[in-house]
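[1] Provided below are the primary sequence and the corresponding predicted coordinates.
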Amino acid sequence: MTSPGDAHEPDDQILGTLRRVFGYDAFRGPQREIIDQVVGGGDALVLMPTGGGKSLCYQIPALVRPGTGVVISPLIALMQDQVDALRALGVRAGFLNSTQDMDERRLVEAEFAAGELDLLYLAPERLRVDSTLQLLKRGTISLFAIDEAHCVAQWGHDFRPDYLQLSALHERWPDIPRIALTATATPATHAEIAARLNLTGARHFVASFDRPNIQYRIVPKSDPKRQLLRLLREEHPGDAGIVYCLSRASVEKTAAFLVENGIEAVPYHAGLDARTRAANQSRFLREDGLVVVATIAFGMGIDKPDVRFVAHLDLPKSVEGYYQETGRAGRDGLPSTAWLAYGLQDVVQQRKMIDGSEGDDEHRRRLAAHLDAMLALCETVECRRVRLLAYFGQESAPCGNCDTCLTPPKSWDGTIAAQKLLSTVVRLKRERNQKFGAGQLVDILLGRKTAKVIQFDHDALSVFGIGTELSETQWRGVVRQLLAQGLLAVEGEHGTLVLTDASAEVLAGRREVPMRSEPERPARTASPGRSGKAGRAPAADLPAEAVPVFERLRAWRAATAKEQGVPAYVIFHDATLREIATAPPASLAELGTVTGVGENKLAKYGQGILDALAAED
Ligand code: ADP
Ligand code: ZN
């Protein structure tokens, strides 16, 4: 692939800004084209995955065009950090939102009116007050950037009514270019954004949704907390990461479990008071190596670049959700792990939740379709990434960096097993008028005389003990896969299992049932991380002599970040520190050529780095 930057003149102002201000060598993916479009005064609708590099697409045009770039963003809690990060680069940035007092607001307003800001971040609710429009009229605007643009979509779960006001901006400033950005991939949302923002004439840019540095792994769930602990200890010691759980209770339990086992972890969910939540989020952003255990309430807009793993202890409700959440790993491009533990209970629970959900049948059908797509991803014997990208309409080849590529699972003909299990359901219903959950069915198939089997006289059934060729784990796998394939259904409060319309085809021998093998010792996760591509402590796989240097630089960064009250990554990313540690520069000029070291950071931190390099410990 040729670098888009190469096609332009060496004295090119846009490329120059990338190098001078941000310290990066070349543009990524469609960044250059997008920037050209906006600098040229055109509108753009940008679809790019999390970590794809959306911010540069409006930050550079705002620096190149005269006036202030106005950025509408719903992520109020993160504006301070975003502005700090820009200021560290020497960019004149400010924000206006409800967290500020009058004096702070006045100051920013004065800077804007005096033309002293390159970028102004605005919370959408500011658009409701007339004084904001009056203010905007007093300055020169270079562009409007609409971040998290899917918030304008009425049917999405992030809908913000204030986003509808954005069309008023366009009516007032029809000639100012607009750029709308989102990581939400579905074509329907895309079309709705274009329609509601009146962006029908905009050029559309769709980046690849592949995140090659993320290793996708989906493992059978047996003892999830212990499986997680093993993953963290063996592959991610000292790393920052996010662990997602479905319920508040399991968030609390899992966080406590990790802390008991010597891992620094904090909980995050909507049931915590706002102060604790903000404090935990802020610690996660500011400290190195903290683990957040959270419900999906956590994460939107978190642009911490060095999240090394995202672990799911429960099945996400949709592929979109899974993709968004896992996308928070590895924004810095370094190897990262997306790990999901998934089991029979997840399927039972989610099917029950859908049955009991409010709304009409159509709504339930939609939820079920989302779940089915997620289950298909879990049960596939093909490359996970190929499946994932195909879901977003993008074609690809097997990736070599997911569990199914690294350790291809075996598939087997599960038709007979399926028939045995389904007949057990049939017998119970016909002969006893009973329904049971997975546990009892498996006990019957294995011929176990448990108290409950004896109580219900189930050892007298003709199917009792007909399934001893498989283990309990394997039978649970069979149930799970039948549920995933819609050949069995969950009913009611107790998760009892019943036939579906499609079950008859299997019982009649008209339909084969391919299945994915269950690893016999499911507690052991495959560790493809050993292959060297992913899953390492930040310092691992650096040359031995670079490790102490890297640690020294990290300590310097932590101290500097604390002193200045900014997150560590605002100073330098891990990737930059790794590059410095591997080939320590001898002078400021040499340091200036390292990726991520722009002019301003060189001036501000250059000497500090050289001193840290010179210090022996
Ligand atoms: P998004 O908003 O799309 O999730 P960001 O704008 O936060 O992504 O960018 C993700 C990371 O990639 C950031 O750390 C950013 O500094 C880095 N980045 C963006 N563009 C480039 C580039 N051209 N070269 C190197 N790093 C880049
Ligand atoms: Zn793969």
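    Now that the structure is in, tell me what you want to look at. Ligands and ions are numbered 1, 2, ... in the order given.
[2] From now on I want contacts and neighbour counts done on CA atoms only, so please keep to that.
    Will do.
[3] Just the CA atoms of stretch 198-209, as CSV, please.
    Extracted in CSV, the C-alpha atoms of stretch 198-209 (Å, rounded to 0.1, in the frame of the first residue of the first chain):
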residue,chain,number,x,y,z
ASN,A,198,-28.8,17.4,5.9
LEU,A,199,-25.5,16.0,4.7
THR,A,200,-26.9,14.5,1.5
GLY,A,201,-24.3,16.3,-0.6
ALA,A,202,-21.4,15.1,1.6
ARG,A,203,-18.7,12.8,0.4
HIS,A,204,-18.8,9.5,2.3
PHE,A,205,-15.7,7.9,3.6
VAL,A,206,-15.8,4.3,4.9
ALA,A,207,-12.6,3.0,6.4
SER,A,208,-11.9,-0.6,6.8
PHE,A,209,-13.3,-2.0,10.0
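[4] Show residues contacting the lowest-mean-pLDDT helix or strand in the chain.
    Within the chain, no helix or strand scores below helix 187-196, which has a mean of 83 by mean pLDDT, DSSP states H and E. Helix 187-196 is contacted from outside by 45, 149-150, 152-153, 156, 164, 167, 184, 199-200, using C-alpha atoms under 8 Å, 6 or more residues apart in numbering.
[5] Pick out the lowest-pLDDT one from these.
    Lowest pLDDT within the contacts of helix 187-196 is found at Gly156 (64).
[6] Spit out the contact partners of Ala240.
    284, 288-291, 306-309 are the contacts of Ala240 under C-alpha under 8 Å, 6+ apart.
[7] Nearest to ligand 2 among those residues?
    Closest to ligand 2 out of the contacts of Ala240 is Phe309 (17.3 Å), distances taken as C-alpha to the ion.
[8] ok now the host helix or strand of the closest one, how far from the chain's centre?
    Using DSSP states H and E, Phe309 falls within strand 307-312. Centroid separation for strand 307-312 versus its chain: 8 Å, with C-alpha atoms, centre = their mean, to the nearest Å.
[9] Return the list of helices and strands in contact with it.
    Counting contacts by 3 or more C-alpha pairs under 8 Å, 6 or more residues apart in numbering; DSSP states H and E, strand 307-312 packs against strand 240-244, helix 319-326, strand 336-342.
[10] report the angle between the axes of it and strand 336-342?
    10 degrees (axes from the mean of the first three to the mean of the last three C-alpha atoms, to 10 degrees).
[11] quick one: is strand 307-312 near ligand 1?
    No: counting by C-alpha under 6 Å from any ligand atom, ligand 1 is not contacted by strand 307-312; separation bottoms out at 11.1 Å.
[12] List the neighbouring strands of that strand plus their orientation.
    strand 240-244 (parallel), strand 336-342 (parallel) (DSSP bridges).
[13] quick one: which of the ones you listed is nearest ligand 1?
    strand 336-342 (13.8 Å; C-alpha to the nearest ligand atom).
[14] could you give me the average pLDDT of the closest one?
    Strand 336-342 comes out at a mean pLDDT of 97.
[15] Give the other helices and strands that the next helix or strand after it contacts.
    For strand 336-342, the following helix or strand on the C-terminal side (DSSP H and E) is helix 344-355. Packing contacts for helix 344-355, counted by 3+ C-alpha pairs under 8 Å, 6+ apart, involve helix 361-379, helix 472-484, strand 488-491.
[16] what's the first one in contact with?
    Just to be clear, that refers to helix 361-379. 218, 316-319, 342, 350-351, 354-355, 357, 384, 387-388, 481, 484-485, 516.
[17] Low-confidence regions, the protein specifically.
    Scanning the chain for pLDDT under 70 picks out 1-11, 155-157, 185, 493, 518-540, 616-617.
[18] In contact with the residue sitting furthest away from the middle of it: list those residues for me.
    The outermost residue of the chain, judged against the average C-alpha position, is Ala460 (50.8 Å), by C-alpha atoms, centre = their mean. Ala460 makes no contacts at all, as judged by C-alpha under 8 Å, 6+ apart.
[19] so how far is Ala418 from it?
    21 Å (C-alpha to C-alpha, to the nearest Å).
[20] do the same with Ser411
    14 Å.
[21] Same drill for those two, tell me which one is more crowded.
    Taking other C-alpha atoms under 10 Å, Ser411 and Ala418 do not tie; Ala418 has more neighbours (25 against 13).
[22] Isn't the more buried one up against Val478?
    Yes: contact criterion C-alpha atoms under 8 Å: Ala418 and Val478 qualify, at 6.9 Å.
[23] need the contact list for the residue of the stretch 101-250 of the chain found nearest ligand 1.
    Relative to ligand 1, the nearest point of the stretch 101-250 of the chain is Ala183 (7.3 Å; C-alpha to the nearest ligand atom). By C-alpha under 8 Å, 6+ apart, Ala183 lies in contact with 47-50, 148, 324.
[24] same thing with Leu127?
    133, 162, 165-166.
[25] can you do 7 Å?
    Gln165 (C-alpha atoms under 7 Å, 6 or more residues apart in numbering).
[26] Kindly confirm my reading that it is in a helix.
    Yes: under DSSP: H, G, I helix; E, B strand; the rest coil, Leu127 sits within a helix.
[27] so Thr468 is in which element?
    Thr468 belongs to no helix or strand, assigned by DSSP H and E.
[28] show me where the stretch 151-300 of the chain has helices.
    Assigned helices in the stretch 151-300 of the chain, in chain order: 166-172, 187-196, 224-235, 248-260, 274-286 (criterion: DSSP state H, counting those that start in this stretch).
[29] any chance of those in JSON lines, with distance to ligand 2 and mean neighbour count too?
    Shown next, in JSON lines, are the helices of the stretch 151-300 of the chain (distance: least, C-alpha to the ion, whole Å; neighbours: other C-alpha atoms under 10 Å):
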{"stretch": "helix 166-172", "distance to ligand 2": "41", "mean neighbour count": "14"}
{"stretch": "helix 187-196", "distance to ligand 2": "24", "mean neighbour count": "16"}
{"stretch": "helix 224-235", "distance to ligand 2": "19", "mean neighbour count": "19"}
{"stretch": "helix 248-260", "distance to ligand 2": "29", "mean neighbour count": "18"}
{"stretch": "helix 274-286", "distance to ligand 2": "30", "mean neighbour count": "17"}
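[30] Okay then, goodbye and thanks.
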